[in-house]
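**Q** Need coordinates for the following:
(3 chains)
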Amino acid sequence: MIPVAEAETTADLLEVCNLTIAYGIGTRAVTAVDDVSLRLRSREILAIVGESGAGKSTLASGLLGLADPPARIVRGEVRLAGRAIDLDDEAAMRRIRGRRIGLVVQDTQAALDPLCTVGRHLTETITTHLPVDRREARARAIEALRSVGITGPELRLGHYPHQFSGGMRQRLVVALAICAKPELVIADEPTTNLDAPRKRQILDLLGALCRDHEMGLILVSHDIGLVGAVADRVMVMRRGRIVEAGAAGDVLGNPMQPYTRELIRAVPPARRRQRLLPRAEAPVAAEGSASVALAKAWLVAGRRFEPSGLPLLELDEVTMTFVLRRSWLASRRRSERAVDRVTLEIQPGEMFGLVGESGSGKSTLARIASGLYQPVSGKVRFAGADLQATLAGRGGLEVRRQVQMVFQDPFSSLDARWRVLDIIAEPIRLHGLTGGPAETRDVVRGLFGYVGLDAHASDRYPHQFSAGQRQRIALARALAARPRFLICDEPTSALDVVSQEIILRLLAALRQELGMTVLLISHDLAVIRQTCDRVAVMRAGRLCEIAATETLFEHPQHPYTRELLALLPRDLPGSAGGGTAVG
Amino acid sequence: MLEFLARRLAQSIVVMLVVAVVAFGLGRYAGDPVDALVGQDTTQAQRDALRHELGLDQPVPVQFVRWLGDAVRGDFGLSWRWRRPVIRLIAERAPATLELAFAAALLAFVTGVPLGVYAALRRERLSARVLMAASLVGVSLPTFLLGLLLILLFGVTLRWLPTFGRGDVVDLGGWTTGLLTRSGLRALILPSVTLALFQATVIMRLVRAGMLEVLHGEFIRYARARGLPRHIVLAHALKNALLPVCSIAALQLGSIVAFAIVTEQVFQWPGLGLLFIQAIERVDLPLVAAYLVLVSAMFVGVNLCVDLLYGLVDPRLRADRARPSGTLG
Amino acid sequence: MASVLHRSVRARGGVAAVVLCALVFLAAFVGPALAPQNPFDLADIDLSNASIPPAWLAAGDPRFLLGTDDQGRDILSAILYGARISLLVSLSAVVLAMLLGTAVGLLSGWYGGIVDAVTMRIADVQLTFPALLVALLIDGLIRGAIGGATGETTALLVVIAAIALSLWVQFARMVRALTMVEAGKPYVDAGRLIGARPARLLLLHVLPNIAGPIFVMATLDLAFAIVVESTLSYLGVGVSAARPSLGTLIRLGSDFLYSGAWWMTVFPGAALFVIVLAVNLLGDRWRDAIDPRLQ
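**A** All right, here's what the predicted structure looks like:
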């Protein structure tokens, strides 16, 4: 009868009950996945979101039985299409992997065998699981490539992985996941290494495949804004536990849990400018607004610069080339123009944004602006004087410290062997910016408090801090040199949304309280929109457009800018952008 | 890839030139070659005549070119000690060393590689752990010490095997081989085992390390994630591990030749190594120079072959970096 | 470094390795003071004590625990003195190689350019040959240059130099690669921006971060250096017989192998084996301890 038929078609594809995965044993055990239960139906897309370390990836590999020692399944039950599967039974899991559950991995560079052709990867997966002969397998491989949007699939079969670009490799990995026609696909951070336009493309592709081929899809990601737009249901994880779960519209539009609210709110809304409140929620050290005030006063004291009408930084037809391949034969040499005749000015006290995809040359430009690189041609002027000449001359050291940078990777920006205290104190000691060791210590503690960290922690080593905290330490180090100009090269790209918000608030505070000139580089348009006065767009080494922020976002002139803006993720209903406008 | 090979070839030539310069220099600075060749009673006139005949009164670069030309043709002059052409001496002794090296290499690889693969694949098992412990022992036992101990055990105490010399050899028109006689083969056992043990241990450890590196690579995990059966996953792993193993092989070959010197001394094996030691002791420089050049040529040749192999097998070196076509890049 | 040592001790067998090494080094350096006899003081030896087997055998003498050699020298004492020489030479050689190789590697990796090109060419040429051969050649060359008689100390220095020169390239190569990786990291750029000069950056920032692998290589090379030194001494081109190392002792003893005086070879050989084993074990455990993948 009808109820039975309905029950059959809407039966759960995947059912997970109380799954717990832990590392280590006894008292040192760390629970990575704590009592997780979920359900998924065919043609349904479930997004599992959370910060890094929340246990999402462990859950994903656990479902495939790939939780290798030292991880182990403590308890829990998993059912696929109604039948229980034993995650520890390697032989049984091998039959399930690829055939019934496909995996889309994050790091495609490392995941593909460099000695095997693309076609080989596909055909061996196909012939392992499906009873087809070689010709049929080849045909299916071509079909799989075509369905993920790779042109010229017949030719591509003979290529090797290193001949594919990043975006194409990601598509290939998707093809590999679906080529044996599985019932469920798990995608573990499939878009992290891609640019904004390609992120969207891959997600749309996965969504379409899922619906066309009647598969279930589990999307694991830390980017709630991105996946929230594509998923049917959302599950929020934190420290191994499920914080909240439900339909995407419900969880994102009307979050019940405070943590979920925090995650959503921290996603910078791109559609509307919003005045950031400086230092609203960053925790301030109890030890003292006294030391923070001291640090602030000290910072201000170092900022006696004569005002001139000149722009602080001027780039004039700056060009930079890198050698890609050396050769004895001139015809085989290849070089690349990372920066191509860029001209721009940054005024003192302004927050200037530079946006572009990865590979557009923004990081190279940052290093040229800071004096680390010398451009092949063109001029760089800092406070009116030629930068390279000044650095080489007698006042060089003084000018050097006036330009400081915060880098993208929080893990390698700090010397792992130095105490944080010493890291921040190094510029002070080097330039003799305080009266003595006691004052140095006070200033360092003050700077610590200023960036919102507990000053007592300054005795520790970098690895004892989280990624967001390390970026704050990097900022404190940059400030310790009492710079005039701060360059931030993708300072928040490696952070989760909560840490990102903290850093951006700090930058806004710097501008407001100290009148700091900042060059903020990012690929994330939303971040730029929230913080910058003027924006420049870069592509393939060239400047496409420079304008005031609102002007750029509301009335973009250059076609490339328009293309970028069109790819912004839709605003989430509950985000700080507020209200009703979705998409 | 052609460019890669051309660069390697140029490098090899540079190495050989440096060796040639060193070898040439040896004969010049360490005393007067004429003094070494003649007795004390020869007159100055006779010495001058000899000097002129050997071309020693020419400017140095000219001498070098002449020496180079001779060397390429195999003429390294006369041994100061034996008064015979160096090349003849080397040709007489080479077969002994080559046979020893070959036997040792065979033993070392046939034991080392499979054991290394096994130790990597089954690393949790007791047998693998025992192997690794044993390998530590093997690496810690210097070749000469092992040789002496084997002589003590099998030669002196048990009297099972001969402990010096090559046994009876058969002359195959220039190449004297010990492989065709029973005593020759028996004489080969102890020296080759001695030489092979250290090498086998090193090979085993290196192969194991290389295999483990590959096995824990991300792409093996991904192959498992695709549900590929174990033997296919293994095939992937082996293929990727094969390349580093080849370069290990090349390096070990050099090591075998070097340690053969010691082995020949222990067992009084009449090969090139023994010749070389005697040449160093007696400061017989033409011989030292010739040994140097020939052994270098061998090393350089082997390295070049391995590079060739890499170039053929690794597709990343083979194809040009093609820019992917189409807008989906 | 302390934390690394701590971790290697915690590793499997790590305690055994450290203890064994400590014992070995202690025996070698302090031992001679405790040895029953100074075998190289001619006044101390008596020819009538020649070729006595170890004490537990029938013809043995409790005064000479491990027997005596053909000159009447106590084997146990000879081993203690010889071990000290072996370790002294090898340690000096490795330290020298480490210093030279690290310095070259740091400069090469940091500056690149012509410095790098030249040193790497030299390294390539030298690495074509196995270290033992290089040591042998350099030893022979220097001897040939100095000519005939070489005093004890000279022989010692020649061997140290030969081994050091054969090993420095490995250090240089490794340090260069590590330096290039570290120098590309943002914290080094940050250091540049602060105004620190290359010397400061290299010594205070880069070097501490790459010190681990350098010390592991030094330990493993120490074991190899001991083997090379003993091999050279066995071949007769190592240290002089007046101040023999274990390799020399083995050579002297091997002459009597066929006449049945096995103890003259076996005991020095066993001592050599134990020393090399201890050092290898330590290096092995240490390497496992700093392997980032095993964290």
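
**Q** Quick check, pLDDT for the residue in chain C that chain A sits nearest to.
**A** With CB to the nearest CB as the measure, C:P186 is the residue of chain C nearest to chain A, at 3.8 Å. The C-beta positions use only the backbone N, C-alpha and C, and glycine is treated the same way. Model confidence at C:P186, given as pLDDT, is 90.

**Q** Which helix in chain B has the most residues?
**A** helix B:230-267 (DSSP state H).

**Q** What's the mean pLDDT across that helix?
**A** Helix B:230-267 shows a mean pLDDT of 84.

**Q** same thing with stretch C:216-226?
**A** 91.

**Q** That stretch: how far from the chain's middle?
**A** Put simply, stretch C:216-226 sits 6 Å off its chain's centre (CA atoms, centre = their mean, to the nearest Å).

**Q** go on, stretch A:437-457?
**A** On the basis of CA atoms, centre = their mean, stretch A:437-457 sits 29 Å off its chain's mean C-alpha point.

**Q** Is any residue of that stretch near chain C?
**A** No - against chain C, stretch A:437-457 shows no contacts by CB under 8 Å from any CB of the partner chain, the least distance being 14.2 Å.

**Q** ok, the residue of chain C closest to chain A - how many residues close by?
**A** By the measure other CB atoms under 10 Å in any protein chain shown, the count of residues near C:P186 is 20.

**Q** ok, now the one 4 residues further on?
**A** By the other CB under 10 Å criterion, the neighbourhood of C:A190 contains 25 residues.

**Q** so it makes contact with A:A474?
**A** Yes - here C:A190 reaches A:A474: they are 7.4 Å apart, a contact under CB atoms under 8 Å.

**Q** returning to what we had before: mean confidence score for the helix or strand that the longest helix of chain B is followed by?
**A** Once helix B:230-267 ends, the next helix or strand along the chain (criterion: DSSP states H and E) is helix B:272-281. Mean per-residue pLDDT for helix B:272-281: 83.

**Q** Any buried residues in whatever helix or strand comes next after helix B:272-281, and which?
**A** Counting by DSSP H and E, the next helix or strand C-terminal to helix B:272-281 is helix B:285-313. Residues of helix B:285-313 classed as buried: B:285-296, B:299-300, B:302-304, B:306-307, B:309-310 (neighbour count, 16 or more other CB atoms under 10 Å in any protein chain shown).

**Q** Verify the assumption that C:P244 is located in a helix.
**A** No - C:P244: not assigned to a helix; according to DSSP: H, G, I helix; E, B strand; the rest coil it is coil.

**Q** Now chain B against chain A: closest residue?
**A** Proximity of chain B to chain A (CB to the nearest CB) peaks at B:G227, 3.0 Å away.

**Q** Can you name the residues that contact that residue?
**A** Counting by CB atoms under 8 Å, 6 or more residues apart in numbering or on different chains, B:G227 touches A:R94, A:R95, A:I96, A:R97, A:G98, A:R99, A:T125, A:T128, A:H129, A:A180.

**Q** likewise A:T390?
**A** By CB under 8 Å, 6+ apart, the neighbours of A:T390 are A:F382, A:G396, A:V399.

**Q** so which of the residues you listed comes closest to A:F465?
**A** A:V399 (31.0 Å; CB to CB).

**Q** Just give the nearest non-adjacent residue to that closest one, would you?
**A** Nearest residue to A:V399, sequence neighbours excluded (CB to CB, 6 or more residues apart in numbering or on different chains): A:T390, at 4.9 Å.

**Q** Check which helix or strand that neighbour maps to.
**A** Under the criterion DSSP H and E, the helix or strand holding A:T390 is helix A:387-392.

**Q** Can I get that helix in PDB? Just the C-alpha atoms.
**A** The C-alpha trace of helix A:387-392 is given here as PDB (Å, rounded to 0.1, in the frame of the first residue of the first chain):
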ATOM      1  CA  LEU A 387      62.700  52.500  -1.100                       C
ATOM      2  CA  GLN A 388      65.500  50.400  -2.300                       C
ATOM      3  CA  ALA A 389      68.000  53.300  -2.200                       C
ATOM      4  CA  THR A 390      66.900  54.200   1.300                       C
ATOM      5  CA  LEU A 391      67.200  50.700   2.500                       C
ATOM      6  CA  ALA A 392      70.700  50.400   1.100                       C
END
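
**Q** Could you give the average pLDDT over the helix or strand just after that helix?
**A** Once helix A:387-392 ends, the next helix or strand along the chain (criterion: DSSP H and E) is helix A:396-402. For helix A:396-402, mean pLDDT is 86.

**Q** and if you look at stretch C:154-172?
**A** On average, stretch C:154-172 scores 91.

**Q** and that stretch, does that touch chain B?
**A** No - under the criterion of CB under 8 Å from any CB, stretch C:154-172 makes no contact with chain B; the nearest approach is 10.6 Å.

**Q** Would you indicate which residues of that stretch are buried?
**A** By neighbour count on 16+ other CB under 10 Å, the buried set for stretch C:154-172 is C:155-156, C:158-172.

**Q** Please report the distance of A:A385 from chain B.
**A** Distance, A:A385 to chain B, by CB to the nearest CB, to the nearest Å: 41 Å.

**Q** residue contacts, that residue?
**A** A:A385 neighbours (CB under 8 Å, 6+ apart): none.

**Q** Tell me the pLDDT of it.
**A** For A:A385, the predicted pLDDT is 84.

**Q** Would you confirm that B:E264 contacts B:E99?
**A** No - taking contacts as CB under 8 Å, B:E264 lies outside contact range of B:E99: 11.7 Å.

**Q** Output the below-cut-off pLDDT ranges for the chain.
**A** All of this is about chain A. The model of chain A has pLDDT under 70 over residues A:1-11, A:25-26, A:193, A:265-289, A:303-308, A:324-332, A:567-583.

**Q** Hmm, no, I was thinking of chain C.
**A** C:1-13, C:39-45, C:147-150, C:291-295.

**Q** Now the closest residue in space to A:P70 that isn't next to it in sequence, what are its backbone angles?
**A** Leaving aside its chain neighbours, A:P70 sits nearest to A:Y23 (5.1 Å; criterion: CB to CB, 6+ apart). Taking degrees, to the nearest 10, you get phi -100, psi 140 for the backbone angles of A:Y23.

**Q** again with the one 10 residues further on
**A** The phi and psi values for A:V33, taken as degrees, to the nearest 10, are phi -130, psi 120.

**Q** Just give the number of residues close to the closest residue to it other than its chain neighbours.
**A** Sequence neighbours aside, A:I21 is the residue nearest to A:V33 in space, at 4.1 Å (criterion: CB to CB, 6+ apart). Counted by other CB under 10 Å, the residues lying close to A:I21 total 25.

**Q** what do you get for A:L525?
**A** Neighbour tally, A:L525, other CB under 10 Å: 23.

**Q** And A:V300, by the same measure?
**A** With other CB under 10 Å as criterion, A:V300 counts 13.

**Q** Run through who's touching stretch B:12-21.
**A** Under the contact criterion CB under 8 Å, 6+ apart, stretch B:12-21 has outside partners B:64, B:68, B:71, B:292-293, B:296-297, B:300, B:303-304, C:121, C:124-125, C:128.

**Q** got the residues you listed as JSON lines, with distance to chain A columns?
**A** Below are the contacts of stretch B:12-21 laid out as JSON lines (distance: CB to the nearest CB, whole Å):
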{"residue": "B:F64", "distance to chain A": "27"}
{"residue": "B:L68", "distance to chain A": "25"}
{"residue": "B:A71", "distance to chain A": "28"}
{"residue": "B:L292", "distance to chain A": "30"}
{"residue": "B:V293", "distance to chain A": "28"}
{"residue": "B:S296", "distance to chain A": "25"}
{"residue": "B:A297", "distance to chain A": "25"}
{"residue": "B:V300", "distance to chain A": "21"}
{"residue": "B:N303", "distance to chain A": "21"}
{"residue": "B:L304", "distance to chain A": "19"}
{"residue": "C:R121", "distance to chain A": "15"}
{"residue": "C:D124", "distance to chain A": "17"}
{"residue": "C:V125", "distance to chain A": "20"}
{"residue": "C:T128", "distance to chain A": "23"}
